[in-house]
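A.B. asks: Prediction below, plus the sequence it came from.
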Amino acid sequence: MLEVVWAVGLKYTEGFTRLGPSLLTAGAMAGSFYLLSLAMRSLPLGTAYGVWVGIGAVGAAIAGMVLFKEPATMLRVVSLVLVVAGIVGLKLSSAT
């Protein structure tokens, strides 16, 4: 969730010129990086980073459609489903 919060938060910082959204975004970034570092203790680098980026990308795209009325075309939705399938595949291939 922190990955999505900071991605969406960037939109509200207006180039880090607004203090409140900038602080929230920076805090979410720090928390997200910290949690990624914890995940890398037990997951391979490629899996941990791929899942982290994928979740952020899918979450940000969904947030954009919901919060900012970005288009939710069939191609976008199918593409997001494919990203989720890739995330699941990475995680399953790293299961021990």
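C.D. replies: That came in fine, so what should we check first?

A.B. asks: The helix or strand harbouring Ile62: how far from the chain's middle?
C.D. replies: Assigned by DSSP states H and E, Ile62 falls within helix 45-67. Distance of helix 45-67 from its chain centroid, counting by CA atoms, centre = their mean, to the nearest Å, is 3 Å.

A.B. asks: next SSE after it?
C.D. replies: helix 74-94.

A.B. asks: quick one, what contacts the residue most central in space within the chain?
C.D. replies: Compute the mean C-alpha point of the chain, and by CA atoms, centre = their mean the closest residue is Gly56, 1.0 Å away. Contacts of Gly56 were listed using CB atoms under 8 Å, 6 or more residues apart in numbering, and they are 3-4, 7, 32. For the C-beta atoms, the positions are set from N, CA and C on the backbone; glycine is no exception.

A.B. asks: list the contacts for the closest residue to Leu36 other than its chain neighbours?
C.D. replies: Using CB to CB, 6 or more residues apart in numbering and skipping the chain neighbours, the partner closest in space to Leu36 is Trp52 (5.0 Å). Applying CB under 8 Å, 6+ apart to Trp52 gives the contacts 3, 32, 36, 39.
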